[in-house]
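Participant: Would you be able to build a 3D model of this:
(one chain, ligands or ions: 2)
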Amino acid sequence: MSETITLAHLSDVHLSPVRGLPLRYLNVKRGLGYLNWQRSRRRVHQRPSLDLVVADLKAHQPDHIAVTGDLINLGLPAEYAAALSWLEGLGRPDGVTVVPGNHDIYTVLRGDPGVARWASYMRADAWGVRFAEGGRDGFPFVRCLGPTALIGLNSAVRTPPFIAAGQLGEAQIAALARILDRLGQEDVARVVLIHHPPLTDQTPRRRALRDAAQLERVLTEHGAELVLHGHNHCDGHIDLASWRGSIPVVGIASGSAGLVHRHEPLGRYNLLSIVQDEDGVRIECLTRGLDPTGTFMEQIDRKVLSGAQVSTIANDGPLVGDR
Ligand SMILES: [Fe+2]
Ligand SMILES: [Fe+2]
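Facilitator: Ligands and ions are numbered 1, 2, ... in the order given. Sure thing, here's the model as predicted:
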């Protein structure tokens, strides 16, 4: 018997607008971040573009939506609250899973709850709670999507100005290894969600995951069926060799870009079809995004990530140039 799950992957929406920087929350990092937002980023991350992307994503009726971090920009209370409203519009907590990015855990909060506002989107479900390890802020957490398990990691740590690096820490990586082993025995497809690119040499040092080598080793030794990440604001696909076959490591660009900026394309998302049957797990990835005018959504790419060709996504509409 075959079971299929469709998982939409959205990332780095960097919600706009940023409505000022209150004096109480001003420090060097936020001040520089605010200048960068005003000078450059506010022209890139546009809410109308994100709304087009999200409308298209919803029209495809995925079974679940994964948001891999950088929902906001400067770690301001008003931004966390606005992001919670946006998440509530995206879907219910049991239909949307979030992991935080470096812009979500940014700098001192002065008593504000920060990403804790999004806790209902970042915790285990009733099935996954058995895998809870009591780690940092509840990470890693596990959620069940039929024959697929989502494993949420937190790679975001506060850093000095100009540093966008991440770190999982020894405890979270060790917990992940145990969870991957246990889930492997449950015969589910293991999908790991993380903001920072998880492998070594995927991004410059000041923006990289500091313990990528350790994470890469755990993935290689304990296995996973798919890893999804954001942070680079561009698409990426690397097959990581493991003893049970290759693991697709897939990054998606920003979901809100309304302007091409350096290597960063216009807003887009991935729609992953994860098929599990007696032959194993097969995954196909459909990338949809804004056309060059930024007005319509179109198919950007379509590829098989693992296993044989599957056709479940094709039923959703025309394959080329659909708007
Ligand atoms: Fe980002
Ligand atoms: Fe990031």
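
Participant: per-residue confidence for Leu240?
Facilitator: With respect to pLDDT, Leu240 scores 95.

Participant: I'd say it and Glu216 touch.
Facilitator: Yes. Leu240 is within contact range of Glu216, at 6.9 Å (criterion: C-beta atoms under 8 Å). (C-beta placed from N, C-alpha, C; glycine too.)

Participant: Settle it for me: which of the two has more neighbours?
Facilitator: Each of Leu240 and Glu216 has its neighbours counted (other C-beta atoms under 10 Å); Glu216 has more, 20 against 15.

Participant: On the three-state scheme, the closest residue to the more buried one other than its chain neighbours is what?
Facilitator: Leaving out its chain neighbours, the residue that sits closest to Glu216 by C-beta to C-beta, 6 or more residues apart in numbering is Leu199, at 5.2 Å. When classified by DSSP: H, G, I helix; E, B strand; the rest coil, Leu199 comes out as coil.

Participant: Contact partners for Leu199?
Facilitator: The neighbourhood of Leu199, defined by C-beta atoms under 8 Å, 6 or more residues apart in numbering, consists of Ala212, Leu215, Glu216, Ile238, Leu240, Val249.

Participant: For Ala149, list the residues it contacts.
Facilitator: Gly128, Val142, Arg143, Leu183, Glu186, Val188, Ala189, Arg190, Val191.

Participant: I meant His229, not that one.
Facilitator: Ser11, Thr68, Leu193, Ile194, His195, His196, Pro197, Pro198, Gly236, Val249, Val250, Gly251.

Participant: And those, which is closest to Gly166?
Facilitator: His196 (3.8 Å; C-beta to C-beta).

Participant: List the residues that contact the residue lying closest to Thr295 once chain neighbours are set aside.
Facilitator: Nearest non-adjacent residue to Thr295, counting by C-beta to C-beta, 6+ apart: Leu52, 7.9 Å away. Contact analysis of Leu52 by C-beta under 8 Å, 6+ apart lists Gly267, Leu290, Thr295, Phe296, Met297.

Participant: Could you do Ala164 as well?
Facilitator: By C-beta under 8 Å, 6+ apart, the neighbours of Ala164 are Asn102, Arg206, Arg207, His231.

Participant: Would you mind confirming that the last one is in contact with Pro204?
Facilitator: It refers to His231. No. Between His231 and Pro204 there is no contact under C-beta under 8 Å: 11.3 Å.

Participant: Between those two, tell me which one has more neighbours.
Facilitator: Applying other C-beta under 10 Å to His231 and Pro204 shows that His231 carries more neighbours, namely 30 against 10.
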